[in-house]
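Asker: could you look at this predicted model? Sequence included:
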Amino acid sequence: MSVYLAIDLGTTGCRSILFNSELEQVSDGYREYGLITPKEKWVEQDANLWWSLTIETAKEAINQSNIKKEEIKGISVSSQGITLVPVDEELQPLHNALSWLDMRAESQTEQIKKDFGLRDMFTLTGKPIDAAYLLPKLLWLKEELSEIYEKAWKFLMPMEFLVAKLTGKCVTDHSMASGTLMYDIKNKTWSRQVLDKYKIPEDKFPELRWSGEVAGTLLPEVARELGLSETCVVAVGAQDQRCAALGAGLKKGVVTLSLGTAGAICKYWNEAKTEGDTRIGWSAYVNENSWVTEGVIDTAGSSLRWLRDTMYPGCSYGIINAEAEEASKRGSGLLFYPYLSGASSPDRYPDSEGCFYGASLATGRGDFALSVMEAIAFQTKIIMEAMGGCEDVHTLVLFGGGSKSPLWCQIIADVLGMEIVVPATAEAAGAGAAILAGIAVGEFERDLCPSLVHKTTYKPGERKEMYRKKYERYREIEYKLWRA
């Protein structure tokens, strides 16, 4: 049986996981790393740390396993997107990477809005114009650090940086390119219209390929470091949420929800309808002629963590779940709006902020816990409605830390009125990367690739009708607070 090494480089941690061809987790290694915040709205990372921790965690996963190293046939990378690092021809970073959390490029963002307009840019790229994306960051670098901009051989994102360090080849996939504001989402190319406007040479970017294509084989020195064969194939990877959706089994009729620090809801499409609603962004998916819409709840799991730290100091999530369950049995009416970091998709009310509504002398902390869980379920429904409703969807695959709460899973099933399934492992992004490695090696067929085994199923229950009415009230209060 073949084994695949999946490298999952997140915003604050690097995990390397070995999966067998049944997508069973064999072993893993994990390291956390921090963010560098030199100024307000500036968020950076050390790209060299990405690489050193990739090597550390990969060696840990390999050494913990009892498999023969020649059984590791392929490697692929799942990574955070829209983080920019300029590199020289030796792949040495010329500056700290500008994180996707970095919002310094405000003036450049406003200039892009003037140059293209929100509607035309969305139709072209599937994205709103926002400082989080790559183009504003690149223009900031060009204007403020022109020497570094001119010296740069390539402008890379994390997946591309790691694949280049593994193979010496600079390639990217269409899902990573989708976050740049420089990608023509329908023609599936770098946008000449955008690049020409800002005089950005196309050869400064990696070659576009499809996820799961062969990027190359391991460089001899990397193979020696990891103890692997130089014939080990490295596949073109993908953005982490696209990898997670692949691992979870995203397809027509099935949506995915990654319920971690943030919540990311993905829906599959076989055409990009970017002329329509601009509230929900579009991205290329891992296969040609497939796209996804993605809506993000910025503070999903982080809302519950904030509640734990504030109202449940020293308590486990088990206690929080138990008290929330008791509040549910009592029929709690407390509502929560999880805008703890400001406006969130799809409506992005400019004046929105975190808010509990409907507290009384009878309200206990279990009511607060329940309202947070319900709010994330309500926000999921709001996003799915903005994507075109739930009529053509019958199943939601739920993974991430929130999927460990049976109560939360059941609430989501009741609010959405659909079946919720939870995979056997929460590491869906890593599983997606392993699938891409298997495609590159030739063990998996692109159109018939496996997905994670489902462990638990939740069906809508007796509270479905109660939640229908509570959701209507939730929206009514929301409109009064922020739409007026």
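Answerer: Yep, that arrived.
Asker: give the contact list for the residue minimising distance to the centre of the chain.
Answerer: By Cα atoms, centre = their mean, the mean C-alpha position of the chain lies nearest to Gln241, the distance being 3.3 Å. Under the criterion of Cβ atoms under 8 Å, 6 or more residues apart in numbering, the neighbours of Gln241 are Gly81, Ser258, Ala264, Cys266, Glu294, Ala429. Heads up, the C-betas are built off the backbone N, CA and C, glycines and all.
Asker: looking at this, it is in a strand?
Answerer: No. Counting by DSSP: H, G, I helix; E, B strand; the rest coil, one finds Gln241 to be helix, located in no strand.
Asker: what's the pLDDT at it?
Answerer: Confidence at Gln241, expressed as pLDDT, is 93.
Asker: could you check how far it is from Thr425?
Answerer: Computed with Cβ to Cβ, to the nearest Å, the distance linking Gln241 and Thr425 is 17 Å.
Asker: could you do Ala248 as well?
Answerer: 10 Å.
Asker: overlap in contacts of these two?
Answerer: Common contacts of Ala248 and Thr425 (Cβ under 8 Å, 6+ apart): Ala431, Leu452.
Asker: contact partners for the residue nearest to Ala424 when sequence neighbours are not counted?
Answerer: Once flanking residues are discounted, Ala424 sits nearest to Lys455: 4.3 Å by Cβ to Cβ, 6 or more residues apart in numbering. For Lys455, the contact set (Cβ under 8 Å, 6+ apart) comprises Val422, Pro423, Ala424.
Asker: re the thing from before, mind listing which of the contacts of Gln241 are in strands?
Answerer: Members of these lying in strands (criterion: DSSP state E): Ser258, Ala264, Cys266, Glu294.
Asker: ok, those residues vs Ile411, which is closest?
Answerer: Ser258 (16.9 Å; Cβ to Cβ).
Asker: all helices of the stretch 151-300 of the chain, in order?
Answerer: 158-167, 174-177, 192-197, 220-226, 240-248 (DSSP state H, counting those that start in this stretch).
Asker: hmm, Gly74 is touching Ile7, no?
Answerer: No. With contact defined as Cβ atoms under 8 Å, Gly74 does not reach Ile7; the gap is 11.5 Å.
Asker: which one's more surrounded, the two?
Answerer: Ile7 (30 against 27; other Cβ atoms under 10 Å).
Asker: did I read that right, that one in a helix?
Answerer: No. Looking at Ile7 with three-state DSSP, it is strand, so not inside a helix.
Asker: correct me, but it touches Ser16?
Answerer: Yes. Using Cβ under 8 Å, Ile7 is in contact with Ser16, at 5.3 Å.
Asker: residues near Tyr268, how many?
Answerer: Around Tyr268 there are 18 residues (other Cβ under 10 Å).
Asker: what is it paired to in the beta sheet?
Answerer: For Tyr268, the beta-bridge partners under DSSP bridges are Val292.
Asker: which of the contacts of Lys455 fall in strands?
Answerer: Judged by DSSP E, strands contain the following of the contacts of Lys455: Val422, Pro423.
Asker: which neighbours do Ile7 and Ser16 have in common?
Answerer: Both Ile7 and Ser16 are contacted by Thr54, Thr57, Ala58, under the criterion Cβ under 8 Å, 6+ apart.
Asker: for the residues you listed, which one is nearest Val286?
Answerer: Using Cβ to Cβ, the shared contacts of Ile7 and Ser16 come closest to Val286 at Thr54, 20.9 Å.
Asker: any idea how far that closest one lies from Leu9?
Answerer: Thr54 sits 7 Å away from Leu9, going by Cβ to Cβ.
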